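Peer 1: Dropping a prediction and its sequence here:
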Amino acid sequence: MNRQISDGPLLRVEQLAKVYPVAHGIFGRHQDVTAVDGVSFAIDSGHTLGLVGESGCGKSTVARCLLRLTEPSGGSVRFFGEDVAGFGRGELRRYHRQVQIVFQDPSGTLNPRMTVEDLLAEPLRVHGLVTDRLAARRRVHELLELVGLRREQGARYPHEFSGGQRQRISIARVLAVEPRMLILDEPVASLDVSIAAQILNLLADLQEQLGVAYLLISHDLSLVRHVAHQVAVMYLGEIMELGGVDDIFAAPQHPYTQALLSAVPLPDPTAEQRRRRIRLAGEPPSPLAIPPACRFHTRCFKAESVCSREKPRLQPVAERDHCASCWFAEPLQVL
């Protein structure tokens, strides 16, 4: 993948937090659940940040907060330096044109009663990007060819396409409004391996061609490795490790990242048999009972008494842009 040089941060997230009040117990007592806690990162134009973690760690909540589909409880989201929280209706509409989202299942976003041509033309008309039907049709044909489909396929309906083709249509639909950034929420999780690879290659080509930035949300570290420029590893609402993709995979510093990477299969059977496999104790704690101090210490193979008493900060480790939130951060080769 060609790694472009960025002009500067397109999106900057600082200390993002989201707390949900929920009823708990048979008497309906209210208790706050922290879904996202102090998350910070930046994404440059033409770059990809992979946001990785187990189900329920807060990845999708981050995405909803970025789009203001859910209002954050704290922190800030800045797009080209402007605070998204201060956007009025008109500004938010323009922001949503610039920052689009691609979901795991495209069927939920494609109206089965509309042809593909109508589906792609709809956002063009809504945002006033075309003046007549002929201009809309020309743009639709461009979009279909951009994502590797034929223009004559525009006359067909979504159910007539395979899962991979429907995801291509979904991508074409969000690209219709010429966004600066895409949030990719598990975009290939429902596809088989070969089709997923084709979609990832398409996304890489589109990024190089259009200069669009990606926030790639995934539980699959091996997928992120081939697409992202930076990786942020989340656990129970916090970022445990953040750094360049090469640094994260060559020298992971946080025990959680090391455990995740040790579970990534190796293509060499001999190396796979000899490698060290890190198995975490137990299951992730309930968001209603997050451990004190370091929230990973109840499953960590390096944990000592300080880990349950004092909360570590996300701070630089080996490289300036490589950070980990751990009292005992140190590199470990697991691949």
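Peer 2: Okay, I see it. Numbers count the residues shown, from 1 in each chain.
Peer 1: Pull the number of nearby residues for the residue lying closest to His47 once chain neighbours are set aside.
Peer 2: Distances taken as CB to CB, 6 or more residues apart in numbering place His229 nearest to His47, at 4.6 Å, with adjacent residues excluded. C-beta coordinates here come from the backbone N, C-alpha and C atoms, glycine included. When neighbours are defined as other CB atoms under 10 Å, His229 has 21 of them.
Peer 1: so where is this structure shaky, pLDDT-wise?
Peer 2: Applying pLDDT under 70 to the chain flags residues 1-8, 23-28, 271-272, 319, 335.
Peer 1: Would you mind finding the longest helix in it?
Peer 2: Looking across the chain with DSSP state H, the single longest helix is helix 193-210.
Peer 1: List the buried residues of that helix.
Peer 2: Residues 195-196, 198-200, 202-204, 206-207 are the ones in helix 193-210 that count as buried (16 or more other CB atoms under 10 Å).
Peer 1: Stretch 155-163 now?
Peer 2: Across stretch 155-163, burial judged by 16+ other CB under 10 Å covers 158, 161, 163.
Peer 1: What pairs with the next helix or strand after the longest helix of the chain, parallel or antiparallel?
Peer 2: Downstream of helix 193-210, the first helix or strand assigned by DSSP states H and E is strand 213-218. According to DSSP bridges, strand 213-218 forms sheet pairs with strand 48-52 (parallel), strand 181-185 (parallel).
Peer 1: I'd like those as TSV, with mean neighbour count appended.
Peer 2: Output for the strands paired with strand 213-218, formatted as TSV (neighbours: other CB atoms under 10 Å):
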stretch	mean neighbour count
strand 48-52	26
strand 181-185	23
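Peer 1: Output these as CSV; include the columns distance to Ala135.
Peer 2: Formatted as CSV, those follow (distance: least, CB to CB, whole Å):
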stretch, distance to Ala135
strand 48-52, 32
strand 181-185, 24
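Peer 1: Those strands: which one's closest to Phe301?
Peer 2: strand 48-52 (19.5 Å; CB to CB).
Peer 1: and the next helix or strand after the closest one with strand 213-218, angle?
Peer 2: As assigned by DSSP H and E, the chain's next helix or strand after strand 48-52 is helix 59-66. Angle of helix 59-66 versus strand 213-218, following axes from the mean of the first three to the mean of the last three CA atoms, to 10 degrees, is 150 degrees.
Peer 1: Report all helices and strands that helix 59-66 contacts.
Peer 2: Contacts defined by 3 or more CB pairs under 8 Å, 6 or more residues apart in numbering; DSSP states H and E place helix 59-66 against strand 9-24, strand 29-44, strand 48-52, strand 181-185, strand 213-218.
Peer 1: next one: it to chain centre, how far?
Peer 2: Its chain's C-alpha centre and that of helix 59-66 lie 9 Å apart, by CA atoms, centre = their mean, to the nearest Å.
Peer 1: so what's Arg29 bridging to?
Peer 2: Beta-bridge partners of Arg29, as defined by DSSP bridges: His24.
Peer 1: That one and Leu288: what is the separation?
Peer 2: Taking CB to CB, to the nearest Å as the measure, Arg29 falls 11 Å from Leu288.
Peer 1: now swap in Ala251 and tell me
Peer 2: Distance from Ala251 to Leu288, counting by CB to CB: 35 Å.
Peer 1: Which residue of the two possesses the greater neighbour count?
Peer 2: In this view Ala251 and Leu288 are compared by other CB under 10 Å, and Ala251 has more residues nearby, 18 against 12.
Peer 1: quick one, what contacts the more buried one?
Peer 2: Ala251 sits next to 318, 331-333 when contact means CB atoms under 8 Å, 6 or more residues apart in numbering.
Peer 1: Give the ChimeraX command for selecting the buried subset of those residues.
Peer 2: Remark: buried members of these, expressed as a ChimeraX selection using 16+ other CB under 10 Å:
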select :332
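Peer 1: Tell me, how many residues neighbour Leu215?
Peer 2: The burial count for Leu215: 26, using other CB under 10 Å.
Peer 1: elements contacting the longest helix of the chain?
Peer 2: Secondary-structure packing of helix 193-210 (3+ CB pairs under 8 Å, 6+ apart): helix 163-175, strand 213-218.
Peer 1: could you pull out the helices for the stretch 201-335 of the chain?
Peer 2: Under the criterion DSSP state H, counting those that start in this stretch, the stretch 201-335 of the chain contains helices at 221-225, 245-250, 255-262, 269-274.
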